[in-house]
Each structure stands twice: as structure tokens, then as C-alpha cells.
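Q: Return a 3D structure for these sequence lines:
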Amino acid sequence: MKNLRRMGLIFVLALLIIPIYNSQPQKAQAFSPQVIQKGSTGLDVIELQARLQYIGFYKGDIDGIFGWGTYWALRNFQKDFGIKVDGLAGTKTKQKLVSKSQYNKDWVLNNVRNGNEFTYYGDVPLKKQTDESYDGDGKKDANQGKGQKQNNQAKQPAPNNNQNKQQKQQQQPKKQQTNNQANRQQQQDQKDQKITINNLPEGFTQNDVKLMSNAVYGESRGESYRGQVAVAAVILNRIDSAKFPDTVSGVIFKPGAFTAVADGQIYLTPNQQAKEAVMDALNGWDPSHGAIYYFNPNTATSDWIWSRTQIGKIGKHIFAK
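A: All right, here's what the predicted structure looks like:
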């Protein structure tokens, strides 16, 4: 009899506790249990990219495709937070990401579905400003230049004990000043010729960066910075495509692939801007939006290239798939 009463009491308590438990708000789970790695696609990758972008590690488009840009951003995050650097988003990495970032799933997915380009900074989403000083045709924006000039003026240090020395230098003969400027420019050019880049994405070498810089400089040195990054991105997109070789040298020296190779401009010494454009492309910025071809419509004579699906135009180049 006592046992029956005890069981009845337990049953009543269970009926009281279960509704209370179920009424408690359930904590939303971030990510799925699977490990996210290069080549992955889908919602997990979108969340990964958004969270990495939220805390400043990822600069590329949030597109749900785990490419080199996402891979390298993830490795940098792991390194900075003392996690095993393997480019894999496993349990520990995802837990750390969740603790250090925020993720507005509905807002992010809405932008992705609408094809919007954006950089996600928590509650204040801002449009991408990576190349804000240039418009779509590669022309520098006059207002942006003024703002930059004002910022530079604001950063100038106040006069100090070296002011008299600077005034004397300004009073030098114009010829001497010209020579000094030429010497400083020569020294800068010599620095620019040295490419010392650490922490390259896995699979790329210093020589790859040098070769890509040569190609970008030879192909697009007259274009805006955004246009040069786009050319570098096309090289990387070709490496990822089954239609092309899977190495930098193989893509660049594929017969008929690049005009700069055919006319020898590939061997010109690239400037610092070309090198920086390559690094931005390696770090995930792709202004070409996945293009594997580009051409100048004013000089293109191939009917075949005109048949490709055009993505957009940057400066003098049309980018296509």
C-alpha cells in the first residue's frame, strides 16, 4: 500500500514538474554538430563567415562557400585565441566564436538571399567600404579625396624642436629638394621590390605571391585597386575550377591565358599596390564575384569570350564566368 502511495506521489510530482520544465525558454543552438572545413557550403558556413566578420577576421562576401578566404580568416582567429590552428571549425572553435561574436541569423540570411554585398558589424550593418575611394569605373571620388586630405592634415604632429630644421630644409634650392625627393622615391621603390609576406594561406608560397603580383601588375596596373584585386581573384578562382590547372604558375602560364605573358609584361617589376591586391585576394576579397574570365571590350576580338556569362564591369575589364 505504501509503495502504491509513493508511486502515486512521484507520478503527481512528475505531472507538475514537466510543464514547468517545458515552459522554460530553450537556449538556441549555434551551428550544427558537424565540423566545418574548406569545401563546405550552406548555413553553417554562412554563420561562420558572419561571426568571423563580426569580430574583424573575415573581409570577404558572406556567401556560404568555405573557400581560401574563410579558411585563412578561421586560422587567424584560432591563432589569436589560442586554439589549435588547423582551419577546421570544430567544437572548441565554434564555442569560442559564439562567445566572442553575435549572429543575427534572420538579417544575415535575408541579405544573402537578396544577393546583397555587405559587411556585418552586429547591430549596425555597414556596406562594404574596402575600396570606397573609387567608383565602379575606376575613377577616384573627388569628395573621398578631400576627406582623406583633411584626415591627413588632422594627423600632422604639432610643431616641435625640429621645426627650425624643417624650415631650413624647405629653404634649400629647388634642385636639391628635387634630388632629395628622387632619392627618397628610389629608396621606396627598392623597398617595394622586396616581398616579405608571412602567414600565407596553406597551399601558397612566397613565389606564388610574387608571380601573381607580376601578373596583376602586367595585366591591370592602369586599373583601380578594386580592379587589380579582381584580376588576382580570377587567378585564384581558376585554381579552384576544374577547367584550369590547380597551381598559380599553371594558371598564369597556360597558353593564351594572359596577355601579359604573351607580350612579356609579366616580367615587369610589380609595385606595392599590386602586391597588396594579391594579398587581399588571398584573404578572401573577390570583387569579380567568382569570375574565371575577364576581358577589355575595346580590344577583345574573340567571339567566344563575348559568349560568356557576364558578371559585371570594373574599369576597362568585363568579368565573366
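Q: Work out for me the element residue 319 sits within.
A: If you go by DSSP states H and E, residue 319 is part of strand 317-320.
Q: do residue 76 as well
A: helix 68-80.
Q: And the helix or strand following that helix, what does it pack against?
A: Per DSSP H and E, the first helix or strand lying C-terminal to helix 68-80 is helix 91-100. Counting contacts by 3 or more C-beta pairs under 8 Å, 6 or more residues apart in numbering; DSSP states H and E, helix 91-100 is packed against helix 43-54, helix 68-80. Placement of C-beta: from N, CA and C, glycine included.
Q: I'd like the ones you listed laid out as a markdown table, including mean pLDDT, distance to residue 34 and mean neighbour count.
A: Formatted as a markdown table, these follow (pLDDT from 0 to 100; distance: least, C-beta to C-beta, whole Å; neighbours: other C-beta atoms under 10 Å):
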| stretch | mean pLDDT | distance to residue 34 | mean neighbour count |
| --- | --- | --- | --- |
| helix 43-54 | 90 | 7 | 23 |
| helix 68-80 | 87 | 15 | 21 |
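Q: Distance to residue 60 added to those helices, as a markdown table?
A: Output for the helices and strands packed on helix 91-100, formatted as a markdown table (distance: least, C-beta to C-beta, whole Å):
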| stretch | distance to residue 60 |
| --- | --- |
| helix 43-54 | 7 |
| helix 68-80 | 4 |
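Q: quick one, phi/psi of residue 214?
A: When read as degrees, to the nearest 10, the backbone of residue 214 gives phi -60, psi -40.
Q: same question, residue 266
A: phi -60, psi -20.
Q: how about it, what does it touch?
A: Going by C-beta atoms under 8 Å, 6 or more residues apart in numbering, residue 266 touches 214-215, 218, 252, 258, 260.
Q: redo that, cut-off 10 Å
A: 211, 214-215, 217-219, 252-253, 258-260 (C-beta atoms under 10 Å, 6 or more residues apart in numbering).
Q: so what's residue 65 closest to, chain neighbours aside?
A: residue 41 (5.5 Å; C-beta to C-beta, 6 or more residues apart in numbering).
Q: Pretty sure the one you found sits against residue 49.
A: No. Using C-beta atoms under 10 Å, residue 41 makes no contact with residue 49, being 11.2 Å away.
Q: who touches both of the two?
A: 63-67.
Q: Secondary structure and pLDDT added to those, as TSV?
A: Shown next, in TSV, are the shared contacts of residue 41 and residue 49 (DSSP: H, G, I helix; E, B strand; the rest coil; pLDDT from 0 to 100):
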residue	secondary structure	pLDDT
63	coil	84
64	coil	86
65	strand	88
66	coil	88
67	coil	85
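Q: Make CSV out of these and add distance to residue 205.
A: Output for the shared contacts of residue 41 and residue 49, formatted as CSV (distance: C-beta to C-beta, whole Å):
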residue, distance to residue 205
63, 27
64, 29
65, 24
66, 22
67, 18
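Q: now those residues in a markdown table, with distance to residue 281 and neighbour count?
A: Below are the shared contacts of residue 41 and residue 49 laid out as a markdown table (distance: C-beta to C-beta, whole Å; neighbours: other C-beta atoms under 10 Å):
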| residue | distance to residue 281 | neighbour count |
| --- | --- | --- |
| 63 | 15 | 19 |
| 64 | 19 | 18 |
| 65 | 15 | 19 |
| 66 | 17 | 22 |
| 67 | 11 | 23 |
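Q: Quick one: the helices in the stretch 201-321 of the chain, in order.
A: Here the stretch 201-321 of the chain has its helices, by DSSP state H, counting those that start in this stretch, at 206-220, 225-240, 248-252, 259-262, 272-282, 303-306.
Q: Which strands or helices does the fourth one pack on?
A: Think helix 259-262. Under the contact criterion of 3 or more C-beta pairs under 10 Å, 6 or more residues apart in numbering; DSSP states H and E, helix 259-262 touches helix 206-220.
Q: Domain map for the protein?
A: Residue ranges for the domains of the chain, per automatic domain parsing: 43-113, 206-320.
Q: comparing those, which gets the lowest mean pLDDT score?
A: Among the domains of the chain, domain 43-113 has the lowest mean pLDDT, at a mean of 88.
Q: Could you list the buried residues of stretch 308-315?
A: Buried residues in stretch 308-315, counted by 16 or more other C-beta atoms under 10 Å: 308, 310-311, 313-315.
Q: which one of those residues sits closest to residue 273?
A: residue 315 (13.9 Å; C-beta to C-beta).
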